[in-house]
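A.B. asks: I need the structure of the sequence given here:
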Amino acid sequence: MDTKEFKTIRELKKFCDDLGVDTREAYDNMIENESDFEVDNYRFIHSDDIDKIQQNELSGDAYMLGCFSAWFLADILNAPVGAIEAMQKAEAYEAIGLWILESDKIEELQEGHASQDGYGHHFSHYDGQENEFEEYYVFRIS
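C.D. replies: Now for the predicted structure:
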């Protein structure tokens, strides 16, 4: 084991101890190159996969997609803000979401959402915070 690997393991132990997470379980998942796993009420997502995972999760709820702010949706859909506001006022959230999905704008929406709010707002159901360790984002989920 080289010095860098030893330092990383020691850092992982401190990181996990600070969160109250089982170091061994987290380490085993990382060694197995798991891209998305949970340990002790924390979700670990590899940085190479987080955008695609978020896109997949967002795609699964057309109603929720229509709930983003009107100005943000108007920009994504290249539509007048007033049109989006009218649809939201009419509670046509699912229709807006389907418009996003059918227009193949989910990647653009996800990238804008992540750049504005970070990943914690979406993945951390507990407090909206995001932590980072090495190549993983870590979120408290309960």
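A.B. asks: Helix or strand with the lowest mean pLDDT in the chain?
C.D. replies: None of the helices or strands of the chain scores lower by mean pLDDT, DSSP states H and E than helix 3-19, at a mean of 78.
A.B. asks: Which other helices and strands does that helix contact?
C.D. replies: Packing contacts for helix 3-19, counted by 3 or more Cβ pairs under 8 Å, 6 or more residues apart in numbering; DSSP states H and E, involve helix 23-31, strand 131-133. C-beta here means a position set from N, CA and C on the backbone, and glycine is covered the same way.
A.B. asks: mind putting these in JSON lines, mean pLDDT and mean neighbour count included?
C.D. replies: Shown next, in JSON lines, are the helices and strands packed on helix 3-19 (pLDDT from 0 to 100; neighbours: other Cβ atoms under 10 Å):
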{"stretch": "helix 23-31", "mean pLDDT": "93", "mean neighbour count": "15"}
{"stretch": "strand 131-133", "mean pLDDT": "90", "mean neighbour count": "15"}
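A.B. asks: Can I get those in CSV including distance to residue 52?
C.D. replies: CSV is the format used below for those (distance: least, Cβ to Cβ, whole Å):
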stretch, distance to residue 52
helix 23-31, 18
strand 131-133, 18
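A.B. asks: closest one to residue 125 among these?
C.D. replies: For these, the distance to residue 125 is smallest for strand 131-133, at 14.5 Å, taking Cβ to Cβ.
A.B. asks: Next SSE downstream of that closest one?
C.D. replies: Using DSSP states H and E, the helix or strand that follows strand 131-133 towards the C-terminus is strand 136-140.
A.B. asks: That following strand - what's its average pLDDT?
C.D. replies: The pLDDT scores in strand 136-140 average 94.
A.B. asks: Could you do stretch 89-108 as well?
C.D. replies: 98.
A.B. asks: send the alpha carbons of the least confident helix or strand of the chain over as CSV?
C.D. replies: The C-alpha coordinates for helix 3-19 follow below in CSV (Å, rounded to 0.1, in the frame of the first residue of the first chain):
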residue,chain,number,x,y,z
THR,A,3,1.6,6.5,1.1
LYS,A,4,-1.2,8.2,-0.9
GLU,A,5,-3.6,5.2,-0.5
PHE,A,6,-2.9,5.1,3.3
LYS,A,7,-3.5,8.9,3.5
THR,A,8,-6.8,8.5,1.6
ILE,A,9,-8.0,5.6,3.8
ARG,A,10,-7.1,7.6,6.9
GLU,A,11,-9.0,10.6,5.5
LEU,A,12,-12.0,8.4,4.6
LYS,A,13,-12.0,7.1,8.2
LYS,A,14,-12.1,10.7,9.6
PHE,A,15,-14.7,11.7,7.0
CYS,A,16,-16.9,8.8,7.9
ASP,A,17,-16.4,9.1,11.6
ASP,A,18,-17.4,12.8,11.4
LEU,A,19,-20.7,11.8,9.7
